[in-house]
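Student: next comes the sequence, and after it the predicted model I'd like to discuss.
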Amino acid sequence: MSHHHVIVIGSGPAGLTAAIYTARANLAPLVIEGEPSSTSDQPGGQLMLTTEVENFPGFPEGIMGPELMMRMREQASRFGAEFLTEKVTRVDFSARPFQVWVRDQHYTADSIIVSTGAQSLMLGLEAEGRLLGHGLSTCATCDGFFFRGQEIAVVGGGDSAIEEATFLTKFATKVSLLVRRDALRASKVMQERAFNNDKIEVVWNTVVDDLVGTDKLEGAVVRNVQTGEVRTLPVTGLFVAIGHRPNTDLFKGVLDMEDNGYLITRPGSSYTNIDGVFACGDVQDHTYRQAITAAGSGCMAAIDCERWLESVAAH
Ligand code: NDP
């Protein structure tokens with residue numbers, strides 16, 4: 001067993017920024033960074049699944065997602081953050097010190113920062129692993145710019161899919177919205193937005209069966225579920241927008257969460273319902289989901305945590 005001032009669970013931009021700040025506050029954080037073999041709990045978070053990041057301030061030439069995360073990790077290490085490349089298997093926050101397990105290894109902490117992130121739901125196709133970041137994307141804000149003048153497609157029929165499709169029309173010449181049934185789930189106002197946009201073609205009753213391309217997406221094999229017709233759409237970009245899932249299974253019944261599983265933080269702060277447990281990044285944000293906003297909220301969590309530890313020590 002080892003005891004720590006603060007344990008950070010998760011190591012995307014939120015967790016690593018929290019680690020940099022708490023390390024510089026002499027709190028020697030232990031970062032339990034996740035499991036390399038996993039696609040949901042991998043160290044570095046979702047940026048490990050992207051290629052070029054062009055919108056993180058300070059990198060005018062852009063930077064590869066994995067390199068950005070490696071640099072954040074180095075920065076946290078430099079100030080004394082310790083890393084454990086494992087996945088947390090159980091927590092007990094019912095009393096202080098808080099308890100965290102990695103299988104049968106037991107850790108205790110005065111405070112906890114939860115930054116376990118979220119994952120984009122995927123289609124479950126074998127080719128997805130190969131082409132993610134190479135034409136296949138889950139984030140229009142991040143990658144739309146790379147598809148100027150090209151024909152692309154978006155999968156999904158919810159508000160996210162329409163928001164992404166609409167945004168992508170700024171760059172692409174045509175956006176096919178692939179909807180698996182004969183109706184959209186999206187709100188009426190968003191539906192209108194899609195129907196009124198000349199560049200968006202809604203393709204009803206259509207699912208993606210396979211992706212074409214070895215190291216770069218060249219097309220999507222789509223099937224009409226009513227007629228059975230199979231054809232290949234010659235798209236260079238495919239955006240999957242079928243929803244996200246926060247990584248909060250570990251905290252069910254422990255931390256307050258919304259019906260969709262996102263952790264609830266007190267507005268304008270990183271405080272959860274348990275004093276001394278803070279949350280930051282995508283695990284508590286389903287609106288912005290950007291590396292920079294996650295990093296910003298990681299900074300908030302570190303400052304909240306540091307001040308809370310001081311106030312507890314003073315009593
Ligand atoms: P939703 O769960 O609302 O929609 C998911 C969509 O993806 C549905 O159309 C669903 O189809 C489709 N889908 C699911 N699985 C598959 C699959 N395997 N293959 C093909 N299609 C699939 O998720 P969103 O991310 O769109 O939205 C999440 C929440 O965020 C909602 O509450 C939404 O309102 C909100 N939001 C609001 C925005 C805004 O107001 N500006 C912007 C973005 C999100 P089916 O309908 O058949 O189940």
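Tutor: Nice, I can see it. Numbering: from 1, shown residues only.
Student: lowest average confidence across helices and strands of this structure, where is it?
Tutor: Every helix and strand in the chain was compared by mean pLDDT, DSSP states H and E; the lowest is strand 52-53, with a mean of 85.
Student: just the residues contacting the next helix or strand after that one, thanks.
Tutor: Going down the chain from strand 52-53, the next helix or strand is strand 63-64, by DSSP states H and E. Strand 63-64 is contacted from outside by 51-53, 56, 71, using CB atoms under 8 Å, 6 or more residues apart in numbering. Using the backbone N, CA and C atoms, a C-beta is placed for each residue, glycine as well.
Student: up against the ligand, what does the chain have?
Tutor: Taking CB under 6 Å from any ligand atom as the contact definition, the chain meets the ligand at 123, 155-161, 163, 180-181, 185, 207, 242-243.
Student: farthest-apart pair in the residues you listed, please.
Tutor: E163 and V207 (20.9 Å; CB to CB).
Student: the more surrounded of the two?
Tutor: E163 (19 against 15; other CB atoms under 10 Å).
Student: contacting residues around I264?
Tutor: I264 touches 255-258, 272-273, 284, counting by CB under 8 Å, 6+ apart.
Student: neighbours of the residue in the stretch 1-150 of the chain that the ligand sits nearest to, how many?
Tutor: Nearest residue of the stretch 1-150 of the chain to the ligand: L123, at 5.4 Å (CB to the nearest ligand atom). L123: 17 surrounding residues under other CB under 10 Å.
Student: what's the pLDDT at it?
Tutor: If you check L123, the pLDDT there is 97.
Student: would you map out the domains in the protein?
Tutor: In terms of domains, the chain is parsed into 2-119+244-314, 122-240 (source: automatic domain parsing).
Student: and those domains, which is most packed in?
Tutor: Comparing those by mean neighbour count (mean count of other CB atoms under 10 Å), domain 2-119+244-314 ranks first with a mean of 20.
Student: how far out from the middle of the chain is that domain?
Tutor: 12 Å (CA atoms, centre = their mean, to the nearest Å).
Student: what ranges in the stretch 101-250 of the chain fall below the confidence cut-off?
Tutor: Confidence mapping of the stretch 101-250 of the chain against pLDDT under 70 gives zero matching residues.
Student: got the contact list for the residue in the stretch 101-250 of the chain that the ligand sits nearest to?
Tutor: Closest approach between the stretch 101-250 of the chain and the ligand, counting by CB to the nearest ligand atom: G158, at 2.4 Å. Residues counted as contacts of G158 (CB under 8 Å, 6+ apart) are 184-186, 241-243.
Student: beta partners of W101?
Tutor: R90, H106 (DSSP bridges).
Student: so how far is stretch 116-131 off the chain centroid?
Tutor: Centroid displacement of stretch 116-131 relative to its chain, using CA atoms, centre = their mean, is 11 Å.
Student: that one: end-to-end distance?
Tutor: Start to finish, the residues bounding stretch 116-131 are 24 Å apart (CA to CA, to the nearest Å).
Student: which other residues reach that stretch?
Tutor: Contacts for stretch 116-131 (CB under 8 Å, 6+ apart): 9-10, 12, 14, 39-41, 45-46, 136, 138-139, 155, 208-211, 213-217, 240, 242-248, 250, 262, 281-283, 286, 289, 294.
Student: doesn't S115 make contact with V283?
Tutor: Yes - with contact defined as CB atoms under 8 Å, V283 counts as touching S115 (6.4 Å).
Student: shared neighbours of those two, which are they?
Tutor: Contact criterion CB under 8 Å, 6+ apart; residues shared by V283 and S115: 10, 14.
Student: just to revisit the earlier point, for the contacts of strand 63-64, work out which two are farthest apart.
Tutor: T51 and R71 (15.9 Å).
Student: let me see the ranges of the helices in the stretch 1-150 of the chain.
Tutor: All helices of the stretch 1-150 of the chain, identified by DSSP state H, counting those that start in this stretch, fall at 13-24, 65-78, 127-131, 140-143.
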